[in-house]
Each structure stands twice: as structure tokens, then as C-alpha cells.
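Undergrad: Any chance you can model this:
(one chain, ligands or ions: 1)
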Amino acid sequence: MSYLSQKAQQLTPYEAGYQPPDQGWVKLNTNENPYPPSPDVMKALEESGVARLRLYPDSDSSALRSAIADCAGVGTENIFCGNGSDEVLALAFQAFFSGKNDVLTPDISYGFYPVWGKMYDVGLRFLPLDEAFTIEVAAYRNSAGVVIANPNAPTGIALQIEEIEAIVRSNPQGVVIIDEAYVDFSSCGSAVDLIGKYENLLVVRTFSKSHSLAGARVGYAVGGAELIGALQKVKNAFNSYPLDMLSQVCAAAAIKDVAYYSDKRDIIVETRKLVESELSCAPSQANFIFWKTQDGKAMYEHLYANKVLVRHWDKPRISNYLRVTIGTREEMEVFLQCVKKY
Ligand SMILES: *Cc1c(COP(=O)(O)O)cnc(C)c1O
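TA: Residues are numbered from 1 along each chain as shown. Next up, the predicted model:
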């Protein structure tokens, strides 16, 4: 006998990267942005007034959705906001995949997809990446749905927008979710430009990485009105107020400051290239590198002992790789020094 439901007994939760409680770490394990949010975010937060917190927030995030829509060149009816893109993705699994079989995703990708697959009774089929960790575009066809991160995580490898379009076109019966958590650091192009053309395409993005707001928990989806309407329906059957008032204000101010964030993006990409050349590592399209070492676990432990935190998975095919977030120049110097000591 157990007090837990069948489902709760069988769940395997996602394991997020470690958030150390103490200072003094070089923290390169969860792909956070090393730079602070735009000064406009601070200003907007001050002006918003904590006194207003006695009221419920706007359940539809209208002002934020309109700011995102302007930036993306789409209508507000094409935008859905959630508590981090994790929540947006979970709601999308419920709205489009729950109870279906043959939903396709790469064997090496974001660790949360299989967790939601189990949680929402989705028959996920894991398609192997090729030897170079590239997604085999031709294998994604005639499915009940597709979920792909582009650029993929933790590999940092991206498909070109034409390849994404081919996948969307080859799966007309299913929703194709493109998780663009890292697209701002890439040169592959965003699938947002395709949403007017394909009713089955949903693009999911986040403020956590490129917009330095991981702590505010803001993500969004861009898609046709039918898919966005379905997300609203599922959201309102679960939690009407997923986004708090202050996070809505912060994110709306952030997305408007295009110049600030493109400057920070350029610095991160430049730092990434420097680290890649130092380590002779495969080029990444994200704000992290996926670095092949002789012994992944040993290098992880060496770095950890020196208070440099990176990510390692004890999984087939990738156990000798480390995913290392691109921090500031100074942080990456510490990391590289530490690697040389090994
Ligand atoms: C970080 C990440 C997310 C989640 O981002 P949040 O908006 O912070 O929930 C989603 N997908 C991928 C691939 C990520 O790396």
C-alpha cells in the first residue's frame, strides 16, 4: 500500500544542475548568462511598485505578450507566455502529445523531454543522432509530433532553418515543437519566421539564457492562433496565474532593449570562440561548449575540487563529454587554467 498515486510512484524527475548555496564557485553548469539584466529591467522594476503585489497579476500577460509580438513581428494572438519555457513545454506536451504514440525526439537532447513524456503518457520514439551528433532530418517524418531543441542541447549543434522547415513539412499530422532556448547565440536562424506558413509549428523560447533572467522564470511560445489557443486552454485548466507581476514587467523591459542584449550576445560568442580554440573543441552554436575529454568523470571531479562547476552526464555516448557554460572572460580564464593543471 502506498499513499502515492500510481503516477507519482513511477515518476523519474528531471535533475537540474546544482545551485551551490555558498559563494566562490565559477559556475558554468546551467547555461545562465554571466552578465546582469539590462538596466531598463531594474528601472521598470522600481517603477512597477511593490505595493501592487496585493493584486493578482494579469493572467494573460497582455503587456508582455504585446512586447514580444512587436519584437517577433507577429500578432499577440501568436504569443503564449509561461513560467519559464519548461512550463510552456510541459503545457505543450499536454496540449499536443498527451496519450499519443510515435512522437519523435533525438536520443541525445534536453533531459526534460523524456520526463514530460512519462508524465503525460506520450509514446516518445528516440531517434539516434549520427556519429557527429547531428540530427538526421530525413528520419523525422509522418509522426504524431516532433520535439527538437535547435540549437540542440547539450551538443550545441544546430540545424539550418531550411532543415527545420523540411521537418515541419514532413510531419503534417503532428505538432512540431522547436525549442529555441539557445537560438540567440547561433547563426542558424529562428523558426519564428515560419509560423505564418505552417499551422503545426510551435516555437518555444526563453528569457533565461540570452536575456539574463533565469531567476524570473519567463518563457514563451510563438505559433498559429489554434496552437496558442490550446495552450491557453490547458494553462487555465491548471494555473491561471503562472507568471507573477514582477516577472512580466522585467521581461517586457528586457525584450525591448535589443541593443544591450545583442552586445552581450556578441561578447559571449567571442568568448566561446576563444575557449573553443584553446581546447580544440567542436564549434558550438550556443552559450556553452560540449567538450570531449579523455575521462569526463575525472575531469569533472578535478574541476569540482577547484570550485569550477560544469555539467557531466554518466550516459552512453556522452560520458566523456562535459558541457561548459560560457561565462565572462575572467571566469573562462580560471576554467582554462584549471584544465591545464589537470
Ligand atoms: C534551459 C533550457 C530550457 C528551460 O528554460 P527555462 O525557460 O529556464 O525553463 C528549455 N529547453 C532547453 C533546451 C534548455 O536548455
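Undergrad: residues from the stretch 1-150 of the chain in reach of the ligand?
TA: Taking Cβ under 6 Å from any ligand atom as the test, the list of the stretch 1-150 of the chain residues beside the ligand reads 31, 84-86, 110, 149. Using the backbone N, CA and C atoms, a C-beta is placed for each residue, glycine as well.
Undergrad: In helices only, show me the residues you listed.
TA: Of the positions in those, 84-86 sit in helices, assigned by DSSP state H.
Undergrad: Please tabulate those residues in TSV and include pLDDT and neighbour count as additional columns.
TA: Rendered in TSV, the data for these read as follows (pLDDT from 0 to 100; neighbours: other Cβ atoms under 10 Å):
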residue	pLDDT	neighbour count
G84	98	21
S85	98	26
D86	98	21
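Undergrad: picking that back up, the residues of the stretch 1-150 of the chain next to the ligand: which two are farthest apart?
TA: G84 and A149 (14.7 Å; Cβ to Cβ).
Undergrad: residue ranges of the strands in the stretch 51-200 of the chain, please?
TA: Assigned by DSSP state E, counting those that start in this stretch, the strands in the stretch 51-200 of the chain fall at 79-82, 101-106, 123-127, 145-149, 175-179.
Undergrad: just those: most buried one?
TA: The highest mean neighbour count among the strands of the stretch 51-200 of the chain belongs to strand 175-179 (a mean of 28), with neighbours defined as mean count of other Cβ atoms under 10 Å.
Undergrad: so, in contact with the ligand or not, stretch 194-207?
TA: Yes: applying Cβ under 6 Å from any ligand atom, one finds stretch 194-207 in contact with the ligand at T206.
Undergrad: got the end-to-end distance for that stretch?
TA: Distance between the two ends of stretch 194-207: 21 Å, counting by Cα to Cα, to the nearest Å.
Undergrad: average pLDDT across that stretch?
TA: What stretch 194-207 shows for mean pLDDT is 98.
Undergrad: List the buried residues of that stretch.
TA: Residues 194-195, 198, 200-207 are the ones in stretch 194-207 that count as buried (16 or more other Cβ atoms under 10 Å).
Undergrad: Let me know the closest of the residues you listed to the ligand.
TA: Closest to the ligand out of these is T206 (3.2 Å), distances taken as Cβ to the nearest ligand atom.
Undergrad: Grab the nearest non-local neighbour of that closest one.
TA: Counting by Cβ to Cβ, 6 or more residues apart in numbering, the nearest residue to T206 once its immediate chain neighbours are dropped is S85, at 3.9 Å.
Undergrad: Is it correct that that neighbour is in contact with V204?
TA: Yes: distance between S85 and V204: 5.2 Å, which falls inside the contact criterion (Cβ atoms under 8 Å).
Undergrad: tell me, what's touching the two both at once?
TA: Listed as contacting both S85 and V204 by Cβ atoms under 8 Å, 6 or more residues apart in numbering are 179, 181, 219-220.
Undergrad: Of those, which ones also sit close to the ligand?
TA: Filtering the shared contacts of S85 and V204 for neighbours of the ligand using Cβ under 6 Å from any ligand atom leaves 179, 181, 219.
Undergrad: Distance to V103 and pLDDT added to these, as JSON lines?
TA: Shown next, in JSON lines, are those (distance: Cβ to Cβ, whole Å; pLDDT from 0 to 100):
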{"residue": "D179", "distance to V103": "14", "pLDDT": "98"}
{"residue": "A181", "distance to V103": "19", "pLDDT": "98"}
{"residue": "G219", "distance to V103": "20", "pLDDT": "98"}
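Undergrad: of these, closest to A90?
TA: G219 (10.3 Å).
Undergrad: Contact residues of the stretch 201-342 of the chain facing the ligand?
TA: So the stretch 201-342 of the chain meets the ligand at 206, 208, 214, 219 (Cβ under 6 Å from any ligand atom).
Undergrad: From those, pick the one nearest P57.
TA: Top of the list for closeness to P57, among those and by Cβ to Cβ, is G219 at 15.8 Å.
Undergrad: Domain map for this protein?
TA: Taking automatic domain parsing as the reference, the chain has its domains at 6-36+258-341, 39-256.
Undergrad: Can you say which of those domains is packed in most?
TA: For the domains of the chain, the stretch with the most neighbours on average is domain 39-256, a mean of 19; neighbours defined as mean count of other Cβ under 10 Å.
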